[in-house]
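Colleague: need a 3D model of the following:
(one chain, ligands or ions: 1)
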Amino acid sequence: MRRRALIVGNWKMNGLIETGRGLAREVLAGLTEREERKLLCEVVVCPPFTGLADLNQILGSSSLKLGGQDMSEYPSGAHTGEIAGIMLRNVGCWYVILGHSERRAERGEDDALIGRKTAAAFRDGLVPIVCLGETLSQREQSQTLEVIEAQLLAVLPHLPDSVSKIQQLVVAYEPVWAIGTGKNATPQQVQEVHAFIRKLLAEQLGEGSAAKIRILYGGSVKPDNAADLFGLDDVDGGLIGGASLNATDFLAIVDAYPNDF
Ligand code: PEP
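Modeller: Next up is the predicted model:
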């Protein structure tokens, strides 16, 4: 079953206001030329927090949506340096990336926190894109599926009661060793993990929800490998880092999604 694809650009800590403006305008212009693609693929960019309000003015209700790169688990209050989900909504965000491996590694975010942030995202009206992924040493020790299972099972108890909301959840499989390294997971490795995630979702949430939840792949996705990855049964789009900083490359990745919707 083909779900509507989701292609998300994670700009990470790159670009000042003007750079972000230029990039978003180029991507939006490209999407505007691709009427049919827009039906196949939902496209989102996640700029640094400082660019969100500005891009919200530019993008308005266009087909290019905005997402945050992280959020606080708290709704408001004495949490210096944090951004609440409702603040992201206030500047036009629909989505929020949670549990990115860079935050797990650099900020010590653990599965329990990512579970609480997932609940907070739903509470604040955002769709969470929850990142899962194994390190190279975990893969080499054949622990990949075990790690993915533990990361996913930590999040699922935090989902809301409403089935229609649960089905909005987005899961992103991002092997840590493939992020920003130019190393590609093979299509077989990707499909194995995505199918495993879908099976776990079915066991925990039921077949109906598992069939609707989108599972993205992330890790050095580029225009030349995107079509092979997006052609896989359980890959419903991508979380794109480096290549999302170049509008031509990002749009070529959007174009790589198959037409058999
Ligand atoms: C990411 O940061 O989520 C990512 C997948 O980065 P890259 O595409 O650069 O590997």
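Colleague: for the rest of this, base every contact and every neighbour count on C-alpha atoms.
Modeller: Noted.
Colleague: how far away is the residue of the chain most remote from its centre from the ligand?
Modeller: Relative to the centre of the chain, and counting by C-alpha atoms, centre = their mean, the farthest-placed residue is A78 at 28.2 Å. Using C-alpha to the nearest ligand atom, to the nearest Å, we find A78 at a distance of 29 Å from the ligand.
Colleague: work out for me the element that residue sits within.
Modeller: Taking DSSP states H and E as the definition, A78 sits outside all helices and strands.
Colleague: ok, the closest residue to K212 other than its chain neighbours to the ligand distance?
Modeller: With C-alpha to C-alpha, 6 or more residues apart in numbering as the criterion, K212 has its nearest non-adjacent residue at 5.7 Å, and that residue is Q167. Counting by C-alpha to the nearest ligand atom, the gap from Q167 to the ligand is 22 Å.
Colleague: so Q167 sits right up against S209, yeah?
Modeller: Yes. Contact status for Q167 versus S209: in contact at 5.4 Å, counting by C-alpha atoms under 8 Å.
Colleague: now do the longest helix belonging to the chain: distance to the chain's middle.
Modeller: Criterion DSSP state H: the longest helix present in the chain is helix 187-205. For helix 187-205, the separation from the chain centroid amounts to 16 Å (computed by C-alpha atoms, centre = their mean, to the nearest Å).
Colleague: same deal with stretch 141-154?
Modeller: On C-alpha atoms, centre = their mean, the centre of stretch 141-154 falls 18 Å from the chain's centre.
Colleague: near the ligand, which residues of the protein?
Modeller: Within the chain, the positions adjacent to the ligand are N10, A178, I179, G180, G218, G219, S220, V221, L239, I240, G241, G242 by C-alpha under 6 Å from any ligand atom.
Colleague: what do you get if the cut-off is 5 Å, keeping everything else the same?
Modeller: Contact residues, the chain versus the ligand (C-alpha under 5 Å from any ligand atom): I179, G180, G218, G219, S220, I240, G241, G242.
Colleague: tell me which two of those residues sit farthest apart.
Modeller: With C-alpha to C-alpha as the measure, no two of the residues of the chain next to the ligand lie farther apart than G218 and G242, at 10.6 Å.
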